[in-house]
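Asks: following is a predicted model, sequence given first.
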Amino acid sequence: MEIEKFVKEIRKGNIVAFPTETSYGLACDPFNEKAVRKLHELKKEPLDKPILLIVASKQMIDEIANLGENGLKLVEKFMPGPLTLIAKKRKSVPDFLSKEKVAFRISSNEIANKLSRKFGKPITGTSANLHEKKPAFSEKEVKKYFGEEILLIDAGKLQKSEASTIFDLEEKKIIREGPVSEKEIKKVLES
């Protein structure tokens, strides 16, 4: 698979559907305001809805978020994997993407990870669906939502799994329950 071809499209401001460890996601350049606006419009969702980022490494996390000790512990234990953290954002994250905080995870899906690594910075990782609809787990479902409007890295039918757990580091609480339980998170934070 020629990842570079899809990275070029993201650099041009286009949107690419790609597999993650939970479902298909939609990637664009989160630092390109036009691309982010296009992504919101494509998903028919409010422009102020936060979009999570897929990052390839801890170094990339440091560039976008203030992790603190607790965040570092959770990254060490659960990433790559289905845990999304919300942390105080750094100045490098534009306000059109998010005002105060940023949500991110290191994906355990090889394609998702490679896409971010080759792009050289975070990519958006919002699920490939219309606002408040079910996420897409196959090429057919992605096309049902978006037709030919976006490029697709076809990884076949993905195994259905629940969306990632979302944990807010500032508020020390789970925003969305997923594969990583509150009990597991607390255990790590108390160690």
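Replies: Arrived safely.
Asks: just give me the residue closest to the centre of the chain.
Replies: Centrality entry for the chain: nearest residue to the mean C-alpha point is residue 125, 2.7 Å, by Cα atoms, centre = their mean.
Asks: my read: residue 65 touches residue 88, true?
Replies: Yes. Between residue 65 and residue 88 there is a contact at 6.8 Å, judged by Cβ atoms under 8 Å. To be clear about C-beta, it is placed using only N, CA and C from the backbone, and glycine gets the same treatment.
Asks: now list whatever residues contact both of the two.
Replies: In terms of Cβ atoms under 8 Å, 6 or more residues apart in numbering, residue 65 and residue 88 are both contacted by the residues residue 102.
Asks: looking at the two, which is more packed in?
Replies: Legend: neighbour count by other Cβ atoms under 10 Å for residue 65 and residue 88, higher for residue 65 (26 against 15).
Asks: tell me the phi and psi of the more buried one?
Replies: phi -140, psi 150 (degrees, to the nearest 10).
Asks: ok, what's across the strand from it?
Replies: residue 89 (DSSP bridges).
Asks: what's near enough to touch it?
Replies: Counting by Cβ under 8 Å, 6+ apart, residue 65 has contacts 71, 85, 87-90, 93, 102, 104.
Asks: where does residue 1 land on pLDDT?
Replies: We have a pLDDT of 58 for residue 1.
Asks: contacts only, for residue 10.
Replies: By Cβ under 8 Å, 6+ apart, the residues touching residue 10 are 16, 27-29, 35, 115, 119, 123.
Asks: okay, now the unreliable bits of this structure?
Replies: Residues of the chain meeting the criterion pLDDT under 70: 1.
Asks: this structure: strands as residue ranges?
Replies: For the chain, the strands defined by DSSP state E cover 16-19, 24-27, 53-55, 65-66, 83-89, 101-106, 123-124, 126-127, 151-152, 165-168, 173-176.
Asks: quick one, what contacts residue 110?
Replies: Per Cβ under 8 Å, 6+ apart, neighbours of residue 110: none.
Asks: that one and residue 101, how far apart?
Replies: Distance, residue 110 to residue 101, using Cβ to Cβ, to the nearest Å: 28 Å.
Asks: what's the answer for residue 154, then?
Replies: Taken as Cβ to Cβ, the span from residue 154 to residue 101 is 33 Å.
Asks: hey, what's the nearest residue to residue 175 once chain neighbours are set aside bridged with?
Replies: Closest residue in space to residue 175, ignoring its immediate chain neighbours: residue 166 at 4.2 Å, by Cβ to Cβ, 6 or more residues apart in numbering. Beta-bridge partners recorded for residue 166 (DSSP bridges): residue 84, residue 176.
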